[in-house]
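*Asks:* missing the sequence, but the structure's below:
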């Protein structure tokens, strides 16, 4: 007869041939379907908590050291769309992307990650970098504004002042609409 160790929700494991449980370090909340590592009160599907106050919380995904391909962390929805964090072979680069056709990468400063407010920067699916706005008028769009002279090829739009501290070089035509 096998006798379970630990409290309800404790994950069972064998240590030196004896059935053990280490609750709160490894806990399954059966009622909600939550798994806790470092906590016996998980509040989401998988919650990883530091094992002691002041300790770092680390989630490591690694290979055996002989793999030569990319390493991916994918956050995937049921419809197949995913956000992907990719480490290139040899750790030479980190890629961040999305598989959605209209995919964009957005950066927020709101602590609850409300996706409708406090967007500070985005890279849209056309490769445009947008700061303090949500719709690109140019390759680099700072603060939005109206694009009166943008031809769509490598342009930059800055909606307010531009201050340059250093040398400025212009290779091409300089058109001035209004001088104050």
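*Replies:* Alright, I've got the coordinates. The structure displayed is predicted, hence computed values, not measured ones.
*Asks:* and the nearest residue to residue 4 once chain neighbours are set aside, how far is that from residue 153?
*Replies:* The spatial neighbour of residue 4 that comes closest, neighbours along the chain excluded (C-beta to C-beta, 6 or more residues apart in numbering), is residue 12 at 6.2 Å. For the C-beta atoms, the positions are set from N, CA and C on the backbone; glycine is no exception. To residue 153, residue 12 is 63 Å away according to C-beta to C-beta, to the nearest Å.
*Asks:* my guess is residue 133 contacts residue 144, does it?
*Replies:* Yes: shown here, residue 133 and residue 144 form a contact pair, counting by C-beta atoms under 8 Å, at 3.7 Å.
*Asks:* so what sits against both of these two?
*Replies:* residue 159 (C-beta atoms under 8 Å, 6 or more residues apart in numbering).
*Asks:* out of residue 12 and residue 153, which sits in the more crowded spot?
*Replies:* Summary of the neighbour comparison: residue 12 and residue 153, criterion other C-beta atoms under 10 Å, with residue 12 having more neighbours (13 against 7).
*Asks:* ok, what's across the strand from the more buried one?
*Replies:* Listed by DSSP bridges, the beta-bridge partners for residue 12 are residue 21.
*Asks:* For it, list the residues it contacts.
*Replies:* If you count contacts by C-beta under 8 Å, 6+ apart, residue 12 has them with 4, 5, 6, 19, 20, 21.
*Asks:* For those residues, which two are the farthest from each other?
*Replies:* Comparing all pairs in these by C-beta to C-beta, the longest separation belongs to 4 and 20, at 10.4 Å.
*Asks:* Give me the more crowded residue out of those two.
*Replies:* The neighbour comparison of residue 4 against residue 20 (other C-beta under 10 Å) goes to residue 20, with 14 against 10.
*Asks:* wait, the more buried one sits on residue 5?
*Replies:* Yes: using C-beta under 8 Å, residue 20 and residue 5 qualify as a contacting pair, with a distance of 5.4 Å.
*Asks:* neighbours around residue 27, how many?
*Replies:* 24.
*Asks:* For residue 6, see how far away it is.
*Replies:* 9 Å.
*Asks:* repeat for residue 15
*Replies:* Computed as C-beta to C-beta, the residue 15 to residue 6 distance reads 12 Å.
*Asks:* Comparing these two, which residue is more hemmed in?
*Replies:* A direct count of neighbours by other C-beta under 10 Å for residue 15 and residue 6 places residue 6 higher, at 18 against 10.
*Asks:* now that one, nearest residue through space, not along the chain?
*Replies:* Ranked by C-beta to C-beta, 6+ apart and with sequence neighbours excluded, the top spatial neighbour of residue 6 is residue 21, at 2.6 Å.
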